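# sequence? don't have it. structure:
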């Protein structure tokens, strides 16, 4: 198990980070305590701009607000370890995958984007990827090249810890 999974992001508006952190902490607590919240609970606490984002997202055949929040709480097999913003305005969501497959990073990338936190790179436990945005709702992940050995050579290298 790799304990270094993360998503780095930039912000379109720093004021939205506080709102993102508030909702993130509620989701984190629900996940930790095994509790769920009603749709009304989420709609009452989620900023209008985020609700609008998810309304547009649904039109683009992507997540709805409630389905995403439920997935993050009930189905994404991770432990959230932090959501921080550094002095340069670069944010980072840290998590630990509890098992593989854990559900992938797409839901977290979408969650962040709804709050204006634009994912730039991730480490999902299988490698580091750059996030390339095609629209506000569509992105692609491109694995960063590495000087590390690949394939069988990599396997034996880890096995025998050169």
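Here it is on my side, so go on. Keep in mind it's a predicted model, so treat the numbers as computed, not measured. Numbering: from 1, shown residues only.

# List the residues that contact residue 90.
Taking Cβ atoms under 8 Å, 6 or more residues apart in numbering, we find residue 90 in contact with 8-10. The way it works is simple: take the backbone N, C-alpha and C, and place the C-beta from them, glycine included.

# Quick one: residues contacting the residue nearest the centre of the chain.
Geometric centre of the chain, nearest residue: residue 108, 2.3 Å, by Cα atoms, centre = their mean. Contacts of residue 108 were listed using Cβ under 8 Å, 6+ apart, and they are 7, 72, 76, 93, 95.

# ok so, going back, can you put the contacts of residue 90 in TSV and add secondary structure, distance to residue 31 and neighbour count?
As requested, those are arranged in TSV below (DSSP: H, G, I helix; E, B strand; the rest coil; distance: Cβ to Cβ, whole Å; neighbours: other Cβ atoms under 10 Å):
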residue	secondary structure	distance to residue 31	neighbour count
8	strand	22	20
9	strand	20	28
10	strand	26	13
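
# what residue ranges in the chain score low on pLDDT?
1-3, 146-162 (pLDDT under 70).

# That one: strands as residue ranges?
For the chain, the strands defined by DSSP state E cover 5-11, 78-85, 91-97, 117-123, 128-133, 139-143.

# need those in JSON lines with distance to residue 30, can you?
Listed next are those as JSON lines, based on distance: least, Cβ to Cβ, whole Å:
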{"stretch": "strand 5-11", "distance to residue 30": "20"}
{"stretch": "strand 78-85", "distance to residue 30": "11"}
{"stretch": "strand 91-97", "distance to residue 30": "15"}
{"stretch": "strand 117-123", "distance to residue 30": "20"}
{"stretch": "strand 128-133", "distance to residue 30": "26"}
{"stretch": "strand 139-143", "distance to residue 30": "26"}
